[in-house]
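S.K.: predicted model and sequence follow; I will ask about them next.
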Amino acid sequence: MTDTTADIALWRHHLEDEADAAYLYRVLAATEANPERRDIYRRLADVEDRHTALWQQVFADRNIEMHPPAPSWRARLLGWTARRFSPSILIPLLLREEGQEVMSYLDLYRQSPSGTARDTAQTLAKESAEHAEALGTLVKSTGEPWHRADSGSFVRNVVYGFNDGLTANFGLVAGVIGAHADAHIILVTGLAGVVADALSMGSSGYLAAKSEREVYSHEIAIERQEVRLMPEVEEEELSLIYQARGMSEENARKLASDTIRDPERALEEQIREELRIGEAHTTPLREGWTTGTATAVGALIPVAPFLFFQGALAMWLAFALAMISHFAVGAARSIFTGRRFLRSGLEMFAVGMGVAAAGYIVGDLVMRWL
């Protein structure tokens, strides 16, 4: 069978993804303080380099010269984020991407005829699954990671908080403009919207994180009581968990017996292995502050021109800044969705246009009715 243009484009996409993954794992290795995690990232980067070489071989077998691609803008942005904040920010994103690769490679394996492309897809599906499992242990993920879509992070909170503030306040400002209000009314309304949106989103982020912490504390308290009152049951649970991870029954029972003799150690094991609760990388206050600040910045964009200009100039500048920002935040969201940044940006641009139109029409109709 002759390779189609779509086949070659798909293979190039996988080649670029593997090169990006190798780059990001090396960034994580360079920024990670924990030596064990650092070693895991280095080994994963080496394997991704081998994956890149496998895809280059697919092209070479077809007499297509394909050099290892440079890191994409998205990979560079993620790398910059990890360096500036914390390497743990990227682990959920990489976990999701490894999971997506498993499904994509399995589809490619089923659809490809016999040959290097099919063999490569089979090998990479298996190794991507192993990568997902390795990363899953770092974030205490359960089940098959390629069926999960978790990607919560500091960066996600910033992007979605900014998006919420921008869209909500843009609609509010457009409604007041549609009502043909004076410039100072538009400004006051917009600034009030900035404060209201920021406090609303910030308090929501704080309460959500606080509730999660409280649930974890409750579960840990229950587990502590079980270790104290029913040590034989907890010992059996630990033994089964160890066996599920590949340990022989004899060794699993011995390790569980040794562990349960120390209640604090047993509790730590149950928290990690049974409850799957990992180390917290943020606090409710930080979650609320991050989300609220990002929301305020986004909400301020359609209001800012009215701080310096008046009349039609301020209105058109507000519209232009808001629409450009909608496209930018849509493109930024593609970091988490895995979609093409242009399509994601255009979708958010269309959303912004719809919000502006709806707000303006409502404001105009209300003024006509009054």
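M.R.: It's in.

S.K.: averaged pLDDT, the strand or helix carrying A320. What do you get?
M.R.: According to DSSP states H and E, A320 maps onto helix 311-337. Averaging pLDDT along helix 311-337 yields 84.

S.K.: after it, which helix or strand is next?
M.R.: helix 341-369.

S.K.: tell me which other helices or strands that next one touches.
M.R.: helix 154-178, helix 311-337 (3 or more C-beta pairs under 8 Å, 6 or more residues apart in numbering; DSSP states H and E). (Glycine included, C-beta is placed from N, CA and C.)

S.K.: by how many degrees do that helix and helix 311-337 diverge?
M.R.: 140 degrees (axes from the mean of the first three to the mean of the last three C-alpha atoms, to 10 degrees).

S.K.: for helix 341-369, what is the distance to the chain centroid?
M.R.: 27 Å (C-alpha atoms, centre = their mean, to the nearest Å).

S.K.: pLDDT of it, averaged?
M.R.: Per-residue scores along helix 341-369 average to 86.

S.K.: buried sites along it?
M.R.: 341, 344-345, 347-349, 351-352, 355-356, 359-360, 363 (16 or more other C-beta atoms under 10 Å).

S.K.: same question for stretch 256-267.
M.R.: Quick answer for stretch 256-267 (16+ other C-beta under 10 Å): 256, 259-260, 266-267.

S.K.: adding distance to R368, secondary structure and pLDDT, write those residues out as CSV.
M.R.: Converted to CSV, those look like this (distance: C-beta to C-beta, whole Å; DSSP: H, G, I helix; E, B strand; the rest coil; pLDDT from 0 to 100):
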residue, distance to R368, secondary structure, pLDDT
A256, 75, helix, 82
T259, 74, helix, 82
I260, 75, helix, 83
A266, 71, helix, 75
L267, 67, helix, 75
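
S.K.: out of those residues, who's nearest T81?
M.R.: Nearest to T81 out of those is L267 (C-beta to C-beta; 34.2 Å).

S.K.: ok, now which ones touch that closest one?
M.R.: 220, 223-224, 227 (C-beta atoms under 8 Å, 6 or more residues apart in numbering).

S.K.: could you rerun that using 6 Å?
M.R.: Neighbour list for L267: 224, 227 [criterion: C-beta atoms under 6 Å, 6 or more residues apart in numbering].

S.K.: what do you get for R333?
M.R.: 159, 344.

S.K.: from Y160, how far out is it?
M.R.: Per C-beta to C-beta, to the nearest Å, R333 is found 8 Å from Y160.

S.K.: now swap in A318 and tell me
M.R.: Counting by C-beta to C-beta - A318 and Y160 are separated by 22 Å.

S.K.: what does A198 give?
M.R.: The value you get for A198 to Y160, if C-beta to C-beta is used, is 14 Å.

S.K.: now L15
M.R.: Counting by C-beta to C-beta, the gap from L15 to Y160 is 31 Å.

S.K.: could you do E249 as well?
M.R.: 47 Å.

S.K.: and these two? Which one has more around it.
M.R.: Legend: neighbour count by other C-beta atoms under 10 Å for E249 and Y160, higher for Y160 (20 against 11).

S.K.: for that one, report the pLDDT, please.
M.R.: 79.

S.K.: go on, E219?
M.R.: For E219, pLDDT reads 70.

S.K.: for burial, what's the neighbour tally of the spatially closest residue to E347 that is not a sequence neighbour?
M.R.: Nearest non-adjacent residue to E347, counting by C-beta to C-beta, 6 or more residues apart in numbering: G330, 5.7 Å away. Using other C-beta under 10 Å, G330 has 25 other residues around it.

S.K.: same question, L285
M.R.: Neighbours of L285 (other C-beta under 10 Å): 13.

S.K.: what does R340 give?
M.R.: R340 has 11 nearby residues by other C-beta under 10 Å.

S.K.: swap in F309?
M.R.: 15.

S.K.: can you tell me how far it is from L317?
M.R.: 6 Å.

S.K.: check the gap between W73 and H326 for me.
M.R.: 19 Å.

S.K.: neighbour count for these two, which is higher?
M.R.: H326 (27 against 10).

S.K.: that older thread, please identify the most buried of the helices and strands packed on helix 341-369.
M.R.: helix 154-178 (a mean of 23; mean count of other C-beta atoms under 10 Å).

S.K.: what angle do whatever helix or strand comes next after that one and helix 154-178 make?
M.R.: Next along the chain after helix 154-178, taking DSSP H and E as the criterion, comes helix 183-229. When the same axes, to 10 degrees is applied, the directions of helix 183-229 and helix 154-178 differ by 150 degrees.

S.K.: packing partners for helix 183-229?
M.R.: Other helices and strands packing on helix 183-229, by 3 or more C-beta pairs under 6 Å, 6 or more residues apart in numbering; DSSP states H and E, are helix 154-178, helix 263-273, helix 284-300.

S.K.: between these, which gets nearest to T123?
M.R.: Nearest to T123, of the helices and strands packed on helix 183-229 and by C-beta to C-beta, is helix 263-273 at 30.5 Å.

S.K.: how much space separates the nearest residue to A328 once chain neighbours are set aside from M323?
M.R.: With C-beta to C-beta, 6+ apart as the criterion, A328 has its nearest non-adjacent residue at 7.0 Å, and that residue is G345. From G345 across to M323, the span is 11 Å (C-beta to C-beta).
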